[in-house]
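[1] Requesting a structural model of the entry that follows:
(chains A, B, C and D)
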Protein chains: 2
Amino acid sequence: MHGESNETAINILYQAGLKRTPGRIALLKLLLSSPHPLSQQEIASRLEKVRLNRVSIYRSLHTFLQSGIVHRVESGDRTWRFAVCGCGSRGHCHPHFICSRCGRVECLSGFKMPETGYLQPGYVVEEQELYLRGRCATCTGAVTGDGS
Amino acid sequence: MHGESNETAINILYQAGLKRTPGRIALLKLLLSSPHPLSQQEIASRLEKVRLNRVSIYRSLHTFLQSGIVHRVESGDRTWRFAVCGCGSRGHCHPHFICSRCGRVECLSGFKMPETGYLQPGYVVEEQELYLRGRCATCTGAVTGDGS
DNA sequence: ATTTTAGATGGAATATTTTTGCAAACAGGT
DNA sequence: ACCTGTTTGCAAAAATATTCCATCTAAAAT
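    Below you'll find the model as predicted:
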């Protein structure tokens, strides 16, 4: 299924100058294969077979974050969610949609962040986060449902 | 100083159909007089003289939130911050600025939220939050500093 | 003014998530 | 095969938010 993501994960780690340990590769593979940001709990439960400690997950995510490999989303339930971001910076390059019903968080890739030229003098913006909260297509029942 | 905010607080509670208890009035007065959102910890330390329990603060804020009296800001350090919002809804009617150095959170009142007509079909946006993270005027040293 | 009642409060305790410390294990290079 | 700095595992701590239940109070009714 995700045979190539193994190579991709190793390559990303190599590019960032990080050691390619089995745990990190598995973690990064998981993030690469997920269509939406994952919480540490979700990651831990999906990585049980790899037997990667939660603290190690926490620290690896922390390292990834500092290297700009992942970005961190605060979805409103006091848990951070992580996703691989192609933009390579620590900031957010796109808005995020949070479903208020199912809690799912989605990256709205392809959408630019709004312009912000309206700050008071002296203020410097380093990064910005735009969260849209509402109902996803599944929860509004608008999905046509073509299987899977 | 804030003699009138006492009346204002009582009036707000009355309009919302909530009981005007001393604790709630003190809490609302504090929020009304604060230029930026406050965390529960900040509120508790500033309300020590009133001897209002932290749980009561938590519950009052929860009630205020449901009544649309306050709005809740997630500033990135996993603590909620609360501020009185004139818009009367539970959503956010303006962006928030978070200083990455001093942690201060400011309401960017007067600025409209960006348009969001670009969602996929089936998605419904109930509210949106825009956070700008960076350095405030104080932390960039851009304040002219006319005393105080 | 007294009574009544739904709602608010206090204090302790619980839940959840994040973060740290230290010793053992490992990756990557020589 | 060996060395060194990094990573991991396990236990434990921190920090914040949330719940429980008995008691008290605001505000309306008598």
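
[2] Tell me, how many residues neighbour A:Leu32?
    Close neighbours of A:Leu32, defined as other C-beta atoms under 10 Å in any protein chain shown, add up to 16. For the C-beta atoms, the positions are set from N, CA and C on the backbone; glycine is no exception.

[3] Measure how the longest strand seen in chain A sits relative to strand B:124-135, angle-wise.
    The residue-count maximum for a strand in chain A (DSSP state E) belongs to strand A:124-135. Orientation check (axes from the mean of the first three to the mean of the last three C-alpha atoms, to 10 degrees): strand A:124-135 against strand B:124-135 gives 160 degrees.

[4] Contacts for the next helix or strand after strand A:124-135, please.
    Using DSSP states H and E, the next helix or strand after strand A:124-135 towards the C-terminus is helix A:137-140. Helix A:137-140 has contacts (C-beta atoms under 8 Å, 6 or more residues apart in numbering or on different chains) with A:99, A:101-102, A:104, A:143, B:120-124.

[5] Point out the least confident one among the residues you listed.
    Of all the contacts of helix A:137-140, A:Val143 carries the smallest pLDDT score, 70.

[6] Can you say which helix or strand has the residue most central in space within chain A in it?
    The centre of chain A sits closest to A:Ala83, judged by C-alpha atoms, centre = their mean, with a distance of 1.4 Å. Assigned by DSSP H and E, A:Ala83 belongs to strand A:80-84.

[7] Next to DNA strand D, which bits of chain A? Give me the list.
    Contacts of chain A with DNA strand D, taken as C-beta under 7 Å from any atom of the strand, map to A:18-19, A:21, A:23-24, A:51-53, A:55-56, A:59-60, A:63, A:78.

[8] does the helix or strand that contains A:Leu31 come close to DNA strand C?
    Element membership for A:Leu31, per DSSP H and E: helix A:22-33. Yes. Judged by C-beta under 7 Å from any atom of the strand, helix A:22-33 comes into contact with DNA strand C at A:Pro22.

[9] Only the buried residues of that helix, if you could.
    A:23-32 (16 or more other C-beta atoms under 10 Å in any protein chain shown).

[10] Count the residues that sit near the nearest residue to A:Ala26 once chain neighbours are set aside.
    Sequence neighbours aside, A:Val50 is the residue nearest to A:Ala26 in space, at 4.5 Å (criterion: C-beta to C-beta, 6 or more residues apart in numbering or on different chains). Per other C-beta under 10 Å, the neighbour tally for A:Val50 reads 14.

[11] and if you look at A:Ile57?
    22.

[12] Now do the strand holding A:Ala83: which elements does it pack against?
    Contacts defined by 3 or more C-beta pairs under 8 Å, 6 or more residues apart in numbering or on different chains; DSSP states H and E place strand A:80-84 against helix A:22-33, strand A:38-39, helix A:40-46, helix A:54-67, strand A:70-74.

[13] my guess is the residue nearest to the centre of chain A meets A:Leu31, correct?
    Yes. Applying C-beta atoms under 8 Å as the test, A:Ala83 and A:Leu31 come out as touching, 6.3 Å apart.

[14] so what's in contact with those two at the same time?
    Contacts common to A:Ala83 and A:Leu31, judged by C-beta under 8 Å, 6+ apart, are A:38, A:70.

[15] Next, the buried residues of stretch A:63-80.
    Buried residues in stretch A:63-80 (16+ other C-beta under 10 Å): A:63-64, A:67, A:69-76, A:80.

[16] starting at the chain centroid, how far to stretch A:11-31?
    Mean C-alpha position of stretch A:11-31 versus that of the full chain (C-alpha atoms, centre = their mean, to the nearest Å) differs by 15 Å.

[17] ok, residues contacting it?
    A:2, A:5-6, A:9-10, A:38, A:43, A:46-47, A:50, A:52, A:56-57, A:60-61, A:63-64, A:67-70, A:82-84.

[18] go again using 10 Å as the cut-off
    A:2, A:5-10, A:32, A:37-38, A:42-43, A:46-47, A:49-53, A:56-57, A:59-61, A:63-64, A:66-70, A:82-85, A:88 (C-beta atoms under 10 Å, 6 or more residues apart in numbering or on different chains).

[19] Reformat the helices and strands packed on strand A:80-84 as a markdown table; add mean pLDDT.
    Output for those, formatted as a markdown table (pLDDT from 0 to 100):
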| stretch | mean pLDDT |
| --- | --- |
| helix A:22-33 | 96 |
| strand A:38-39 | 96 |
| helix A:40-46 | 95 |
| helix A:54-67 | 96 |
| strand A:70-74 | 92 |
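
[20] JSON lines for these, including distance to B:Pro95?
    Listed next are these as JSON lines, based on distance: least, C-beta to C-beta, whole Å:
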{"stretch": "helix A:22-33", "distance to B:Pro95": "29"}
{"stretch": "strand A:38-39", "distance to B:Pro95": "25"}
{"stretch": "helix A:40-46", "distance to B:Pro95": "28"}
{"stretch": "helix A:54-67", "distance to B:Pro95": "23"}
{"stretch": "strand A:70-74", "distance to B:Pro95": "15"}
